[in-house]
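Asks: just a sequence and a predicted model for now, questions to come.
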Amino acid sequence: MINRYAIKRKYRYLPFLLPSAAGVAVFTFLPFADSVRRSFCTAVTGDLVGVNNYKAVFGNEAFGLAVKNTAVFTAVCIPLLIGISFFIAYGLSRVKHIRLIKSVLLFPMAVPTAALVLIWQILFGDSGWINHIITSHGHGAVSFLGSSKAFWVLVGSYIWKNLGYTVLLWLTGIMGVSTSVIDAAKVDGANERQVLFRIILPELKPALYTITIISFLNSFKVFREAYLVAGAYPHKSIYLLQHLFNNWFVNMDLDKMAAAAVVVFSVIFAAAVLLQRVWDRKEV
């Protein structure tokens, strides 16, 4: 006979999940389902047009440029962020008193985007400090935000904004590695390099997966910085998908925007699933 009390005890967490589940359903799933519907209709009349919106999106030159720039930005930023943050975290893990340092690491996340953009404009604007230093040494003025160099300014902004939080994630994983295993390896004659590559790094695979997913999603959240620095139509090197969506929204091209949103979601979801499968195979 099934123990009803055991069943109730097993699923007693469900009432606590209902508010969150309802919020996700109302504010995420339903709007996305409506976007899927709109992607097959006209923006004004709502007439069914099949895949014409998708054809218009894939044939749009601005969409191709935005996809290319976003892919390049993600491919450059994620390895840089993961690599830099790991070496910083590994160095900090050997410091005895890091509680204060952990608090400082979260400082970039507390800085308002507008203040951050103001700093970039002061440093890299046409009349910024770096331009002033270059011209004072007899060189011509360099346009950072109005040229392809704006891409690296945006990369630096992304890394600076997410570095501290990512270092904390690495630190959590590193501090979770058993010190007894490390001490035993050192007693057996293992050096620091062997401990790092044979013990610490294999134990950090779950942390690496979490950091990769978070970094990947955060790479799509740099629109505010790029928009406030260079406006709705920046240099083509930093014209991202967020710029495209913003401009289509302003022009009321809601049908194309809905189709593009479905495409972008499909790509992100497929990338996350593929990454999960790769990780599962490595674990096996």
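Replies: In hand now; what should we look at?
Asks: which residues touch stretch 189-204?
Replies: 90, 170, 173-174, 176-177, 181-182, 185-186 (Cβ atoms under 8 Å, 6 or more residues apart in numbering). Bear in mind the C-beta positions are built from the backbone N, C-alpha and C, glycine included.
Asks: where does the stretch 1-150 of the chain dip in pLDDT?
Replies: Judged by pLDDT under 70, the stretch 1-150 of the chain has its weakly predicted residues at 1-10, 97-100, 103, 125-143.
Asks: helices or strands next to the longest helix seen in the chain in the packing?
Replies: Longest helix of the chain, by residue count under DSSP state H: helix 61-92. Helices and strands touching helix 61-92, by 3 or more Cβ pairs under 8 Å, 6 or more residues apart in numbering; DSSP states H and E, are helix 150-175, helix 205-218, helix 241-250.
Asks: 6 Å - rerun?
Replies: Counting contacts by 3 or more Cβ pairs under 6 Å, 6 or more residues apart in numbering; DSSP states H and E, helix 61-92 packs against helix 150-175, helix 241-250.
Asks: for the contacts of stretch 189-204, which ChimeraX command selects only the ones that are buried?
Replies: Remark: buried members of the contacts of stretch 189-204, expressed as a ChimeraX selection using 16 or more other Cβ atoms under 10 Å:
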select :90,170,173,174,177,182
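Asks: farthest pair within the contacts of stretch 189-204?
Replies: The largest separation in the contacts of stretch 189-204, counting by Cβ to Cβ, is between Trp170 and Lys186 at 21.3 Å.
Asks: any idea how far the most centrally placed residue in the chain lies from Val278?
Replies: The residue lying closest to the centre of the chain (Cα atoms, centre = their mean) is Asn218, at 1.8 Å. Asn218 sits 20 Å away from Val278, going by Cβ to Cβ, to the nearest Å.
Asks: how about Trp120?
Replies: 35 Å.
Asks: so those two - more neighbours on which side?
Replies: Trp120 (21 against 11; other Cβ atoms under 10 Å).
Asks: so who does the more buried one touch?
Replies: Val229 (Cβ atoms under 6 Å, 6 or more residues apart in numbering).
Asks: can you say which helix or strand has it in it?
Replies: For Trp120, the element it lies in under DSSP states H and E is helix 113-124.
Asks: tilt between that helix and helix 150-175?
Replies: Per axes from the mean of the first three to the mean of the last three Cα atoms, to 10 degrees, the angle that helix 113-124 makes with helix 150-175 is 120 degrees.
Asks: let's have the contacts of stretch 189-204 in TSV, adding distance to Pro31.
Replies: Below are those laid out as TSV (distance: Cβ to Cβ, whole Å):
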residue	distance to Pro31
Tyr90	42
Trp170	35
Gly173	35
Ile174	39
Gly176	38
Val177	42
Val181	48
Ile182	49
Ala185	52
Lys186	55
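Asks: nearest to His235 among the contacts of stretch 189-204?
Replies: Relative to His235, the closest of the contacts of stretch 189-204 is Trp170; by Cβ to Cβ it sits at 33.0 Å.
Asks: how far away is the residue lying closest to that closest one once chain neighbours are set aside from Pro234?
Replies: Using Cβ to Cβ, 6 or more residues apart in numbering and skipping residues adjacent in sequence, the residue nearest Trp170 is Ala89, 3.4 Å away. Plainly put, Ala89 is 33 Å away from Pro234 if you go by Cβ to Cβ.
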